[in-house]
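S.K.: requesting a structural model of the entry that follows:
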Amino acid sequence: MDYTKMVPGERYFTADDSTSRGNLHEYFDNPYVFALVGLIVVVLVTRAISSRNTVSSSINLDDGQTAHTVPSVLYWLPILGHIPNMVLDADGFIKRLRSRYTHGIFALHFGGTTHNIVYTPGLASALLNQKSSNADAEEVQKRIMTGVFGFPANEMDKYDAAFPELMACYKHLLTEPSLGDMVAQTARRTQDNIKDLVTGNDSIVDQTPWERTSRVRITTDRSGEDVVEASLLSLIRNFAAYTASPILMGSDFLANNPHFFDDVWTLDRGFLLLAVGLPRWVPVPAVTRAHIARKRLLEQLTVFHEAVEKEANGQDPGPRWSSLDDVGALVKARVQVYRKYGWSMQARAAIESSLMWAANANSNSLIFWMVNRIYADRALLEMIREEVEPYVRAIAAPTTGFGGIAEAPRLDRFDVEGLCESCPLLKSCYVECLRLDTASWSLKVVKQDFVLQSKEKDAQGWLLRKGEYAHAAHDLHNTDPNHFSDPTLWKADRHVRYQGAGGKSAVDMGSIRPYGTFLIDEPITAH
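M.R.: Model (predicted):
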């Protein structure tokens, strides 16, 4: 072998090395290999950068306070951050982090933004009660309105101008006599509709709207008797929607848009993905379906508001909209605000879409979970039936003269006040479903640097930075083994406080925050 140079400790080349280096050069000329190497480098650099803030550190602030930085969770992908983790297994991912970050706070990264997650009752209450100059939900509402519900960004000034009056319209939901009227209407509609929850009709033409979207079919059980099989979640959820929503939107709307709620449920499944701004072309099926569902929702609600506008102008809205007089007081009041500030039809449709989502997405599914869990325990079912018997009674309808066919039983007594005031076991089942079957989070935008600190003894403060987001993850607390024994086990009477024979029984919600929208400090009592 002919060596060109030979110095101890230095590398020397042979004639064959030039061929190897040439092959290596050609190897890196391959664009796929170059892209792969580049991706690996980016991933490693991102991992290294994200590891800088994984450990909380104590810092001294200008005002003399001492606070801790929020520990950040490692991630591999730039921009996306923890979005893949949430898409693949959001529940498992978050609960594993709860076990790791026992102080009750950690930071995630989505789309280049930092999201501080708090889950202990003390920190969650401190966030919810924070003054708006530190952390505010109004900007979050705006982003959700545009990103999730399709509110036109160029009309946000109109939204800001009308917002106080729109909020004032909610008096029709929260105060008497409007609240009492709505409850009474809902009770009457429930009495009328409950007998047709399942009609037993095999033909889709003869089925109710909630049956048509619930895969109802007639089959036989093990004994050979005819039974009705249906998707219970869809059946219960749609029954509740079709029973209660006409009180808001009037009877014409669902009659003209019988599949409206299918799109509401699809939008709900993609809610968080839309909220972080993922476009339709992202290769995630839930994102694409959510975008399509939102488009259909806006189209249907736009047609509705065009009809409402025509009627308000003294014009004929058309034969499909002959009963607009029964539109609910809340929507009628909002329409006046829309007209006052010159909102476009798309803007009106977007905000009504948010109303229909808010009124149905959480509560209707909760009804399903109550029915499902109570009926799964025969002993509990009998106890609930005994408890509600004085307030709810069904009677058999008389047999008709046409072949002796009997109508379905109907409710002749439906005492809503009695159910609310005197059925502690039923109410405890409701609270337990709130604990286990709702995944509620509250979200605020940090407006300026401030220290988030619980009122608990010896609690340490956490520094939140301007421009970040802060979430109160109530569901993480609701399933925390440090606060609830057997946290994943559903216990019907977990929340009942028994006062002895003849005394009152109280249903105590404790630190549970349903839907994350308000605080409850007093127990709910029942005789």
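S.K.: residue contacts, residue 170?
M.R.: residue 330 (C-beta atoms under 8 Å, 6 or more residues apart in numbering). (Glycine included, C-beta is placed from N, CA and C.)
S.K.: from residue 358, how far off is it?
M.R.: Distance from residue 170 to residue 358, counting by C-beta to C-beta, to the nearest Å: 11 Å.
S.K.: can you count the residues close to residue 288?
M.R.: For residue 288, the number of neighbouring residues by other C-beta atoms under 10 Å comes to 17.
S.K.: show me what counts as buried in the strand or helix carrying it.
M.R.: For residue 288, the enclosing helix or strand under DSSP states H and E is helix 285-312. Neighbour counts over helix 285-312 (16 or more other C-beta atoms under 10 Å) mark 286-291, 293-294, 296-298, 300-305, 307-309, 311 as buried.
S.K.: other SSEs contacting that helix?
M.R.: Secondary-structure packing of helix 285-312 (3 or more C-beta pairs under 8 Å, 6 or more residues apart in numbering; DSSP states H and E): helix 251-256, helix 260-269, helix 271-275, helix 329-341, helix 345-360.
S.K.: please save the CA atoms from the shortest one in PDB.
M.R.: Taking Å, rounded to 0.1, in the frame of the first residue of the first chain, the C-alpha atoms of helix 271-275 are listed here in PDB:
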ATOM      1  CA  PHE A 271     -63.300  21.800  19.800                       C
ATOM      2  CA  LEU A 272     -59.800  21.900  21.200                       C
ATOM      3  CA  LEU A 273     -58.200  21.300  17.800                       C
ATOM      4  CA  LEU A 274     -60.100  24.200  16.300                       C
ATOM      5  CA  ALA A 275     -59.300  26.300  19.400                       C
END
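S.K.: phi and psi next, for residue 462.
M.R.: phi -120, psi 130 (degrees, to the nearest 10).
S.K.: residues making contact with stretch 420-431?
M.R.: Here stretch 420-431 makes contact (C-beta under 8 Å, 6+ apart) with 366, 370, 373-374, 380, 383-384, 387-388, 390-391, 419, 492-496, 505-507, 509, 512, 524, 526-527.
S.K.: ok, of the residues you listed, which come out buried?
M.R.: When the contacts of stretch 420-431 are checked for burial by 16+ other C-beta under 10 Å, the buried set is 366, 370, 373-374, 380, 383-384, 387-388, 391, 419, 492-496, 505-507, 509, 512, 524, 526.
S.K.: just the ones of the residues you listed in helices?
M.R.: For the buried ones among the contacts of stretch 420-431, the ones inside helices are 366, 370, 373-374, 380, 383-384, 387-388, 419, with DSSP state H as the criterion.
S.K.: now the residues you listed as TSV including pLDDT and distance to residue 272?
M.R.: Below are those laid out as TSV (pLDDT from 0 to 100; distance: C-beta to C-beta, whole Å):
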residue	pLDDT	distance to residue 272
366	93	19
370	96	25
373	97	26
374	97	30
380	97	34
383	96	38
384	96	34
387	95	38
388	95	36
419	93	34
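S.K.: identify the farthest-apart pair in those.
M.R.: Farthest-apart pair in those is 366 and 383; separation 20.2 Å (C-beta to C-beta).
S.K.: I'd like the next helix or strand past whichever strand or helix holds residue 187.
M.R.: Per DSSP H and E, residue 187 falls inside helix 178-193. For helix 178-193, the following helix or strand on the C-terminal side (DSSP H and E) is helix 209-212.
S.K.: what about residue 249, neighbour count?
M.R.: 23.
S.K.: and if you look at residue 514?
M.R.: When counting by other C-beta under 10 Å, one arrives at 20 neighbours for residue 514.
S.K.: surely it touches residue 438?
M.R.: Yes: contact criterion C-beta atoms under 8 Å: residue 514 and residue 438 qualify, at 6.8 Å.
S.K.: got the domain boundaries for the chain?
M.R.: 15-52, 54-134+421-526, 154-362 (automatic domain parsing).
S.K.: check the offset of the last one from the chain's centre.
M.R.: Looking back up the chat, that one is domain 154-362. 16 Å (C-alpha atoms, centre = their mean, to the nearest Å).
S.K.: going forward can the numbers begin at 100, since that is how I track them
M.R.: Okay, residue one is now 100; in that scheme the one you just asked about reads as domain 253-461.
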